[in-house]
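> starting from these lines, generate the structure:
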Amino acid sequence: MPVTSSPTYNHKQIKQLLAVARQAINDYCSGIYQKPQLGHFDADLCRIGACFVTLEVAQKLQGCIGSIIANAPLIEEVYDKAHAAACQDPRFQPLEASQLAKLTIEVSVLSLPQRLAIKDEQTLLNYLGNHHVGVILSDGVRRAVFLPQVWEQLPEPEAFLHQLKLKGGWPSTYWNAMMRVDIFTVTSAKDAYATHHST
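Residues are numbered from 1 along each chain as shown. The predicted structure follows:
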């Protein structure tokens with residue numbers, strides 16, 4: 001079975017991704033939407049790339065928006081997803097300026113998803129017991145995604161998979177032989193918003 005590999009970025013590039021996400025939050029709070037200029041960034045960050053941006057306030061999830069398949073330059077994707085995470089995650093009220101002092105931003109850049117060949121649910125559970133990867137579960141029109149970071153809250157494969165199925169709208173006991181599983185890894189970085197901005 002495959003083991004995915006994450007794209008790698010140096011410290012400077014990671015800081016640039018976080019800075020772009022931070023700028024998107026600033027722009028959202030100012031009523032601005034202005035994508036970054038590609039010419040200001042390394043070529044690696046201007047390649048097509050998929051990412052998720054996660055916002056937490058006082059260590060509680062405030063918004064998480066991303067894409068599984070890359071369709072735009074990574075630096076633009078980070079800006080768009082950060083902006084969207086602040087105000088378009090339907091699970092949460094839009095971010096407010098009063099929350100910025102306790103806000104943290106995490107950027108996760110995804111590897112290319114790889115299809116996992118499995119014969120049944122137990123095979124998947126056995127795999128996940130040894131590989132704490134990101135998982136995309138698809139069946140018909142339904143799909144659910146967990147980033148690898150979710151393993152920090154759900155370290156047991158059974159609980160991880162049950163919650164993933166619930167997220168996708170399936171009962172936790174559901175399984176279909178036609179269910180598709182794709183896996184991926186991420187390169188991620190997290191920082192406090194207030195590290196670089198006074199609020």
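
> point to the residue nearest the middle of this protein.
residue 52 (2.9 Å; Cα atoms, centre = their mean).

> show the contacting residues for it.
For residue 52, the contacting residues are 64, 65, 66, 67, 81, 107, 108, 110, 147, 186, by Cβ atoms under 8 Å, 6 or more residues apart in numbering. Just so you know, the C-beta spots here come from the backbone N, C-alpha and C atoms, and that holds for glycine as well.

> could you look up the SS state of it?
strand (DSSP: H, G, I helix; E, B strand; the rest coil).

> partners of it in the sheet?
On the basis of DSSP bridges, residue 52 is bridged to residue 66, residue 108.

> which pLDDT value goes with it?
If you check residue 52, the pLDDT there is 96.

> quick one: which of the contacts of residue 52 is nearest to residue 173?
residue 147 (23.7 Å; Cβ to Cβ).

> how much space separates the closest one from residue 171?
23 Å (Cβ to Cβ, to the nearest Å).

> tell me which two in the contacts of residue 52 are the farthest apart.
65 and 186 (14.7 Å).

> the more surrounded of residue 147 and residue 171?
residue 147 (21 against 9; other Cβ atoms under 10 Å).

> state the phi and psi torsions of the more buried one.
phi -70, psi 160 (degrees, to the nearest 10).

> what's the neighbour count on the closest residue in space to it that isn't next to it in sequence?
Excluding its sequence neighbours, the residue lying closest to residue 147 (Cβ to Cβ, 6 or more residues apart in numbering) is residue 134, at 5.1 Å. By other Cβ under 10 Å, 24 other residues sit near residue 134.
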